[in-house]
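Peer 1: What follows is a predicted structure for the sequence shown.
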Amino acid sequence: MFFAFSWLSVLALLALWSLAAWALHASAVWAVSHAGGLSGAASAAHTLVLPPWLTPWIPAEIAQAVSQMLAGLGPFVDGLLQAAPALAAGVTVVSWSVWGIGSALLLALGAGLHILIAVWRRRASAGSQSSAGRFVATR
């Protein structure tokens with residue numbers, strides 16, 4: 001009974017782990033595959049303007065330096081976004097690897113529970129036989 005319960009619990013956890021890995025893989029592949037469409041958005045990053053209430057608190061040199069940094073960062077981000085769809089195959093390999101490691105750990109948990117239940121049952125049966133033997137010997 002305990003063996004069946006422990007293995008059914010492990011199988012249920014394995015099913016949930018597989019479902020979670022599949023869902024995260026699907027969403028990651030979708031996000032990486034569609035990242036190339038966002039490449040034009042990063043080029044407008046240098047046009048960011050400080051809100052009027054913040055302008056008196058920040059020196060003009062710092063605001064200008066930040067805007068120049070953003071202007072130089074825009075093409076770099078555009079290049080990354082255009083290269084992102086090529087990473088979809090890598091996401092699949094990483095997903096399968098993480099799923100495999102997690103599944104192996106869950107199966108090891110099931111084996112450990114199986115051994116623990118077997119040891120517990122062996123000790124319980126040995127303890128009941130020794131106490132029954134003492135009871136008969138005292139009569």
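Peer 2: Great, that's in hand.
Peer 1: I'd like the distance from the lowest-mean-pLDDT helix or strand in the chain to the chain centre, please.
Peer 2: The helix or strand of the chain with the poorest confidence is helix 60-83; it has a mean of 79 (mean pLDDT, DSSP states H and E). Relative to its chain's centre, helix 60-83 lies at 31 Å (C-alpha atoms, centre = their mean, to the nearest Å).
Peer 1: try stretch 116-123
Peer 2: That offset, for stretch 116-123, works out to 34 Å (C-alpha atoms, centre = their mean).
Peer 1: swap in stretch 116-129?
Peer 2: Taking C-alpha atoms, centre = their mean, one finds the center of stretch 116-129 at 38 Å from the center of the full chain.
Peer 1: Can you identify the element that follows the least confident helix or strand of the chain toward the C-terminus?
Peer 2: Going down the chain from helix 60-83, the next helix or strand is helix 88-138, by DSSP states H and E.
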